[in-house]
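Engineer: have a look; sequence and predicted model below, questions after that.
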Amino acid sequence: DAKSKVVILATGGTIAGAGATAANSATYQAAKVPVDKLIAGVPELANVADVRGEQVFQIASESFTNEQLMTLGKRVSALAKQDDVDGIVITHGTDTLEETAFFLNLVVRSEKPVVVVGSMRPGSALSADGMLNLYDAVAVAAAKDARGKGVLVAMNDEIQSGRDVSKAINIRTEAFKSPWGALGMVVEGKSYWFRAPVKRHTTSSEFDIDKIEKLAPVEVAYGYGNMSDAAYRAFDKAGVKAVIHAGTGNGSVAKHIVPALQELRGKGVQVIRSARVTGGGFVLRNAEQPDDKYDWVVAHDLNPQKARILAAVALTATQDSKELQRIFWEY
Ligand SMILES: NC(=O)C[C@H](N)C(=O)O
């Protein structure tokens, strides 16, 4: 039967990076190599799909803005509607890859596989990981059994849910972890599945990129001993719609921060408790703080940066804290 047609949307990152010598695995410039060169560098892609590339951006992912998320999302949505596209791969820097993957998982209404991929070493380095990661991502995007599983991340032979996965380590090629485990493996261009996500995503999402024009402004503040309320007061002045508290432990909040948060809440700003723990947070309502009394929201297992994405999307549809909490349980 005919080969699947896969479009590679390139946005930059280390997978498009270049260093001065082959020994430079960590010192290099991200976002240098154009998409056609990336594709030409892996001729084996033609064995798993008919591939074409589009250069959407050429940036390091730490510089991704909400506007760029919107541009990318709208392009993915438009391509997914085309009959001559079976799957989409997005090459991306790894630093904020988990945010983009979760964003697309929430707003792209398509069953077609969307796979986000990056690398930890530039293509110019010894044992560069980008070529195999790209081959794996294209293979997954071309696979019929990848349909309907939400936006995926293919890195280091693993297939991860874009919702769950996070960059957990920054110096190893085994950088991406999910607290709930990988969905499957991709080996020699074939995907092997073990589980599927149950949280709402893509076609079962109430959000639709085609109907969103601008994401809500949401900021994150990190919790630690002796934390002050200065960040929250500054965010308030800047006009945020929600703040994510990257709290200690179970999203806990120092008692001297509560008055500032309640002042913000009184002005309509949503207060969302997440956790700064890295192995997988699990924040429950009223367990650590009286969320019902304060009218706060908990991010449950979403880390602060993922909570920022969900809030930025959800607040385009509602300003109600109960609705927002429902959304945080369901997605
Ligand atoms: N490994 C990487 O891709 C890191 C790079 N700073 C980026 O996110 O673009």
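Structural biologist: In hand now; what should we look at?

Engineer: report the contact partners of residue 155.
Structural biologist: Contact criterion CB atoms under 8 Å, 6 or more residues apart in numbering gives 94, 117, 118, 119, 133, 136, 175, 176 as the residues in contact with residue 155. To be clear about C-beta, it is placed using only N, CA and C from the backbone, and glycine gets the same treatment.

Engineer: whatever residue of the stretch 201-331 of the chain ends up closest to the ligand: neighbour count?
Structural biologist: Of all residues in the stretch 201-331 of the chain, residue 305 sits closest to the ligand, with a separation of 12.7 Å (CB to the nearest ligand atom). The number of residues packed around residue 305, counting by other CB atoms under 10 Å, is 18.

Engineer: out of the contacts of residue 155, who's the most crowded?
Structural biologist: Neighbour counts for those were taken using other CB under 10 Å; the highest belongs to residue 118, which has 33 neighbours.

Engineer: now that residue, nearest residue through space, not along the chain?
Structural biologist: Sequence neighbours aside, residue 94 is the residue nearest to residue 118 in space, at 4.0 Å (criterion: CB to CB, 6 or more residues apart in numbering).

Engineer: confidence score at that neighbour?
Structural biologist: The per-residue pLDDT reported for residue 94 equals 98.

Engineer: can you give me the strands for this structure?
Structural biologist: Remark: strands assigned in the chain by DSSP state E are 5-12, 50-59, 87-91, 114-117, 152-155, 158-161, 166-167, 176-177, 184-187, 190-193, 218-222, 242-247, 270-275, 297-298.

Engineer: how about low-confidence regions in the stretch 1-150 of the chain?
Structural biologist: Filtered on pLDDT under 70, the stretch 1-150 of the chain yields the residue ranges 1.

Engineer: for it, which residue gets nearest to the ligand?
Structural biologist: residue 93 (2.0 Å).

Engineer: so that residue touches residue 13, yeah?
Structural biologist: Yes: contact status for residue 93 versus residue 13: in contact at 2.8 Å, counting by CB atoms under 8 Å.

Engineer: more neighbours, the two?
Structural biologist: Neighbour totals were compared for residue 93 and residue 13, and residue 13 leads with 29 against 25 (other CB under 10 Å).

Engineer: these two touch, right, that one and residue 121?
Structural biologist: No: in this structure, residue 13 is not within contact of residue 121 by CB under 8 Å, at 11.5 Å.

Engineer: ok, residue 220 - contacts?
Structural biologist: With contacts taken as CB under 8 Å, 6+ apart, residue 220 has the following neighbours: 243, 244, 246, 274, 304, 305, 307, 308.

Engineer: also residue 279?
Structural biologist: Applying CB under 8 Å, 6+ apart, the residues near residue 279 are residue 179.

Engineer: how close does it get to residue 183?
Structural biologist: Computed with CB to CB, to the nearest Å, the distance linking residue 279 and residue 183 is 19 Å.

Engineer: again with residue 133
Structural biologist: Counting by CB to CB, the separation of residue 133 from residue 183 is 16 Å.
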